[in-house]
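Asker: Provide a 3D model corresponding to the input given below.
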Amino acid sequence: MVSENFSAEIAGRQIWRYAEKIAQHNRIQGSPGYRQAAEEIVSVLQAEGVEAQIHTYPARRGERILAQQSFQEWRCHSGELWLLSEDERQRRLARYQESEVSLVQRSGPTPPVRAEMVVVNDAEDPASYKDLDLNGKIALVRGAPMNIYPLAVEQAGAIGLIFDNLNDYPPLRTRADMPDAIQYTSFWWVGPQRPVFGFAVSPRVGEELRARATRETVMLEASVEAELVDGEFENVEYFIPGRLDKEVLLVAHLCHPYPGALDNASGPAVLMEVMRTLRRMLDRGDLPQPELGIRFLLVPEMTGTYAWFTNPANRERTLAALNLDMVGADQKQGGGPLCVEQPPLSTPTFADRFAYMALDDIARNITNFSGTDRYSTCYYRQTRFSGGSDHYIISDPSLGIPCPMLIQWPDKNYHTSLDHPVNLDPKMLALVARVTALYAWGLAAGSEKQWLEFLLRDLPTRVSHVAKIIEWALTKPALAGRWQQVLDFYTDVEVKALDSLAAYAELREFTNLPAKIHWAKVQLKNQKQALAVWCQERAAVSPVVDESREALPADWADRVYARVYTGPLNFNLELLNLPAAELVAWNQFAKKAQVPSGYDTFIEYRLDGERPLQQVLELVELETGAWHPEFVQKWLGVVEKLGLVKRIR
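Answerer: The predicted structure is shown next:
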């Protein structure tokens, strides 16, 4: 009945209009545009009877918000880039007021300056600068801004940078597919760097400039009116109180440059509609007061989440969370599947299964002719943890709050000037809002009968999930011969997930669910025996030769490290505190090491001040399939030097 009521009240078109309002603002963290968006959201919600509030936090360079380095507020008024011909303006290449994303966000100011443009091929490679004269010139580059900055600006003397980036996400997008898209590019001034200006152009314009530079001297004129000052950033917050002093947290990041519709006007817009729906249904008496509170946070990505958790009481009260990042894309317009991403296995939980079950129930909206099967018209799936958004902070074991994420990934228009509201689908937005409402209400007020049903429906999927993961592990040469260790690891994760459900049942004072959870553990143990036989047969039929792997040196294996800060580090930003030469050396090492993105975060999650490093690497290998001892040694050397971890022994 609650599901039906949510369906009747939630309006996809209204969510779309919320997203459209948000997308009109250039919402860079710590900026007037972000502040205007937050204020408009509060005004709209209050008109709907939702008493949301804004909470401000200082934005100052040189400080920390838990593990996050803070930064200054950016106030930008204008920025232009012109192509010159015989010292006259020939063509405008970029104008901030026309397309905010054409200026690299957080650009430093410059009075009108005329300078030669120099192309730097492979701009993240120090060798590319050997025979170039960049002093006093503007460099046309491609790559990560803060990797290029020390080479092009600090060492080679460039006064500004132009980027013609466009990352490939095949098969949805390649550089050739979107020649006129401008990619969102940003500087992050958190270390000792001197802010400079930068512009972003499309692949088409970039290729034209590169070709022109082979024939003639290219002259440009640039001007930027902007300032970086100590200021503030804002969280929008709304709370529905419960009977108990525990709560469910729903979070979405509000930041990103105009238009930033899918990423991420969509998440806040969905949460606005869930706020409105729950408030209206509570006021009408359609819903009782929940047992647990429900809190909504709209934040500058990562930064606002860290800020909220600086209060230890907020950590203690939060039972579980859900992160909404990039939801509501029209799948016919290049929107990827709707994914329920689980938390890292270092924070075992039932919450991601509950979120997926809610999605699965709602999404199956049609049947075949005979009614013997029910399925969905949208593409959705469960995915394993990869990080990259606020849930990677909340689910960090140092906070220990399970937080699945809803996300559509990949997306054709991601981080480009083409991420407009027209690409959002009201039906998908409504679907995500219903899932979010059911997730929050189920945790906050679901009956014991509903949770018993969840457990009984979920148990078979736990067994099949373990089998699926083992099948994946057996494709990894280093893991194939250790199937028993893999089986033990993943079944232990499932047992701990059931333990988390038992803790929830105790909090809710359920009387029958604890016994059923114990029964489910027995069933899981029995199924583990059957899986062991299957693993033996599977390994015998398709043996994989175990490749020799690099060992962790003996003097490292027993080392124990502990983290200094709560929450995960943004290692790329931490590197900016190194001298330029050391930063460049690290980037070159990391490029050759080819370590999967986020590997250092998985390592960090397991540094608890008790586990030996050998065990840390083995646990991460079981979760990711990756084994990179040399990288870990060098990474630990850097973070220990920067005072971000401490060696216990």
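
Asker: Tell me where the model's unsure across this protein.
Answerer: 1-4, 543-547 (pLDDT under 70).

Asker: Run a quick neighbour tally on the residue nearest to Leu622 when sequence neighbours are not counted.
Answerer: Distances taken as C-beta to C-beta, 6 or more residues apart in numbering place Phe489 nearest to Leu622, at 4.6 Å, with adjacent residues excluded. Any C-beta I mention is one placed from the backbone N, CA and C, and that applies to glycine too. Using other C-beta atoms under 10 Å, Phe489 is surrounded by 21 other residues.

Asker: thought Phe489 was touching Thr624?
Answerer: No: assessed by C-beta atoms under 8 Å, Phe489 is found out of contact with Thr624, at 11.9 Å.

Asker: quick one: contacts for Glu341?
Answerer: 352, 383-386, 391, 404-407 (C-beta atoms under 8 Å, 6 or more residues apart in numbering).

Asker: Check Val463 too.
Answerer: Contacts of Val463 by C-beta under 8 Å, 6+ apart are 524, 527, 531.

Asker: Using TSV, lay out the residues you listed together with neighbour count.
Answerer: As requested, the contacts of Val463 are arranged in TSV below (neighbours: other C-beta atoms under 10 Å):
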residue	neighbour count
Leu524	19
Gln527	19
Leu531	20
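
Asker: Closest one of those to Pro195?
Answerer: Leu524 (55.2 Å; C-beta to C-beta).

Asker: Give me the nearest residue to the closest one, chain neighbours excluded.
Answerer: Closest to Leu524 by C-beta to C-beta, 6+ apart is Glu494, at 5.9 Å.

Asker: Spatially central, which residue of this protein would that be?
Answerer: Ser389 (1.9 Å; C-alpha atoms, centre = their mean).

Asker: Just to be sure, which of the contacts of Val463 are found in helices?
Answerer: Judged by DSSP state H, helices contain the following of these: 524, 527, 531.

Asker: Look up how far Pro460 lies from Ser43.
Answerer: 48 Å (C-beta to C-beta, to the nearest Å).

Asker: Same check on Gly136?
Answerer: 68 Å.

Asker: Asp425 now?
Answerer: With C-beta to C-beta as the criterion, Asp425 and Pro460 are 32 Å apart.

Asker: where's the nearest residue in space to Gln155 that is not next to it in sequence relative to Pro145, distance?
Answerer: Nearest non-adjacent residue to Gln155, counting by C-beta to C-beta, 6+ apart: Ala580, 6.2 Å away. Using C-beta to C-beta, we find Ala580 at a distance of 14 Å from Pro145.

Asker: Show me which of those two is the more surrounded one.
Answerer: Ranked by neighbour count (other C-beta under 10 Å), Ala580 and Pro145 place Pro145 first, with 22 against 17.

Asker: for the residue lying closest to that one once chain neighbours are set aside, what are its contacts?
Answerer: Nearest-residue entry for Pro145: Phe187, 5.5 Å, with adjacent residues in sequence omitted and distances by C-beta to C-beta, 6+ apart. Going by C-beta under 8 Å, 6+ apart, Phe187 touches 104-108, 145-146, 149, 195-196, 198.

Asker: again, only using 7 Å
Answerer: For Phe187, the contact set (C-beta atoms under 7 Å, 6 or more residues apart in numbering) comprises 104-107, 145-146, 195, 198.

Asker: The residues you listed: which two are farthest apart?
Answerer: Every pair of the contacts of Phe187 checked by C-beta to C-beta; the farthest is Ser107 and Met146, at 13.2 Å.

Asker: So the two - more neighbours on which side?
Answerer: Neighbour comparison, Ser107 and Met146: the larger count goes to Ser107, with 25 against 20 (by other C-beta under 10 Å).

Asker: For Gly567, which three-state class applies?
Answerer: coil (DSSP: H, G, I helix; E, B strand; the rest coil).

Asker: ok, it - how many residues close by?
Answerer: Neighbours around Gly567, by other C-beta under 10 Å: 23.

Asker: The closest residue in space to it that isn't next to it in sequence and Val632, how far apart?
Answerer: Nearest residue to Gly567, sequence neighbours excluded (C-beta to C-beta, 6+ apart): Ala67, at 3.9 Å. According to C-beta to C-beta, Ala67 and Val632 sit 18 Å apart.

Asker: so Val113, which of the three states?
Answerer: Assigned with three-state DSSP, Val113 falls in the strand class.

Asker: how many neighbours does it have?
Answerer: Val113 - counted by other C-beta under 10 Å - has 15 other residues nearby.

Asker: Then Tyr599?
Answerer: Tyr599: 18 surrounding residues under other C-beta under 10 Å.

Asker: And for Leu575?
Answerer: By other C-beta under 10 Å, 22 other residues sit near Leu575.

Asker: looking at it, it is touching Glu582, isn't it?
Answerer: No: look at Leu575 against Glu582 with C-beta atoms under 7 Å: they stay out of range, at 8.4 Å.

Asker: any idea how far Arg284 is from Glu9?
Answerer: 10 Å.

Asker: Thought Phe233 was touching Thr303, still the case?
Answerer: Yes: using C-beta under 7 Å, Thr303 is in contact with Phe233, at 6.2 Å.

Asker: Pull up the overlap in contacts between the two.
Answerer: Joint contacts of Thr303 and Phe233 (C-beta under 7 Å, 6+ apart) are Gln29.

Asker: Am I right that Phe233 falls within a helix?
Answerer: No: applying three-state DSSP, one finds Phe233 to be strand, outside a helix.

Asker: Just give the nearest non-adjacent residue to it, would you?
Answerer: Per C-beta to C-beta, 6+ apart, closest to Phe233 is Gly30, 4.4 Å.

Asker: what about that neighbour, helix or strand, and which?
Answerer: Using DSSP states H and E, Gly30 is not contained in any helix or strand.

Asker: now the one 10 residues further on
Answerer: Assigned by DSSP H and E, Glu40 belongs to helix 32-47.

Asker: Done for today, thanks.
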